[in-house]
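Novice: predicted model and sequence follow; I will ask about them next.
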Amino acid sequence: MPLGLVLSCEHAAWQLPPGDDLGVTGEDLRSQAGWDPGALAIALEVGEALAVPVHAGAFSRMFVDLNRPPDHVDVIPRVSYGAPVPGNAALSADERARRLTWFHAPYWDAVRTDARARLVDHDGCLHLCSHSFDPALDPDARRFEVGVLYDPDHAFEAALSERLLFGLRKAGIDVRANQPYRGTGPSIATSLRAELGARYGGIQLETSHAVVDRPEGALRIGRAVAAVVGELLAREP
């Protein structure tokens, strides 16, 4: 049976819930500190091409970071990419629990349930998480267009990732493995990898702001990813 696909975009939005004020500027909210520009557009392009819905975070990572496990120190960050978050500095235990219960847990449960369902009715699950990175944070090292993050020691996931890397290179995209971050760092994919086992592959796609800031940039990446992933879904890795 072919592989099943789960799509997610944890940092899809920069907005805060109505009535919540973290004491941060609109400029910080709309920067890398608040969300991943372009990541949702790429995920939606893939989802539309392959008829798969996208799990998308509704609020800024400054409010609660959906790409961190609930017990991680920065799941509700005091500082995000160098930007202080005053509203999180002296957060009460009750407010912390409220955010995790009402915003973090439902998102993770929905993605987890989707992935488990794909493992039941398919030969395996490819979970693709769309993110973006700011090349200005390390200009010399971040000159590429897309990073594919995965665990090299997870055979199923590594095989899928290598095919994705090959396919994107063939499409003319400057792509790197496990850059600008490691694929084994704290994330929803890393946590689900430990939970769901050998036939789950959690791959994080990191696209440069230099790409998504250009006209049609996200569309170009999304279409290329959709074409490669469509081929992956049709066969075993």
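Specialist: Perfect, thanks for sending it.
Novice: neighbours of Arg235, how many?
Specialist: Neighbours of Arg235 under the rule other CB atoms under 10 Å: 10. Every residue, glycine included, has its C-beta placed from N, CA and C.
Novice: contacts only, for it.
Specialist: The contact partners of Arg235, taken as CB atoms under 8 Å, 6 or more residues apart in numbering, are Pro2, Leu3.
Novice: okay, it: pLDDT?
Specialist: Among the per-residue scores, Arg235 shows a pLDDT of 72.
Novice: so where's this structure uncertain?
Specialist: 1, 236-237 (pLDDT under 70).
Novice: give me that answer again for 90
Specialist: Residues of the chain that meet the criterion pLDDT under 90 lie in 1-2, 19-21, 90, 215, 234-237.
Novice: and the strands in it, which stretches?
Specialist: 4-9, 54-56, 79-80, 83-84, 125-133, 146-149, 175-177, 200-208 (DSSP state E).
Novice: rebuild those as CSV, extending it with distance to Leu164.
Specialist: Below are the strands of the chain laid out as CSV (distance: least, CB to CB, whole Å):
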stretch, distance to Leu164
strand 4-9, 12
strand 54-56, 18
strand 79-80, 28
strand 83-84, 32
strand 125-133, 9
strand 146-149, 6
strand 175-177, 8
strand 200-208, 7
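Novice: Serialize the ones you listed to CSV and add fields for distance to Ala227 and mean neighbour count.
Specialist: Converted to CSV, the strands of the chain look like this (distance: least, CB to CB, whole Å; neighbours: other CB atoms under 10 Å):
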stretch, distance to Ala227, mean neighbour count
strand 4-9, 13, 25
strand 54-56, 17, 20
strand 79-80, 34, 18
strand 83-84, 36, 17
strand 125-133, 13, 26
strand 146-149, 14, 24
strand 175-177, 14, 18
strand 200-208, 14, 26
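Novice: closest to Phe103 out of those strands?
Specialist: strand 54-56 (12.9 Å; CB to CB).
Novice: strands paired with that closest one, and their directions?
Specialist: Partners of strand 54-56 in the sheet, by DSSP bridges, are strand 4-9 (parallel).
Novice: in this structure, which spans are helices?
Specialist: Remark: helices assigned in the chain by DSSP state H are 26-29, 39-50, 93-99, 105-121, 155-170, 188-196, 209-212, 217-233.
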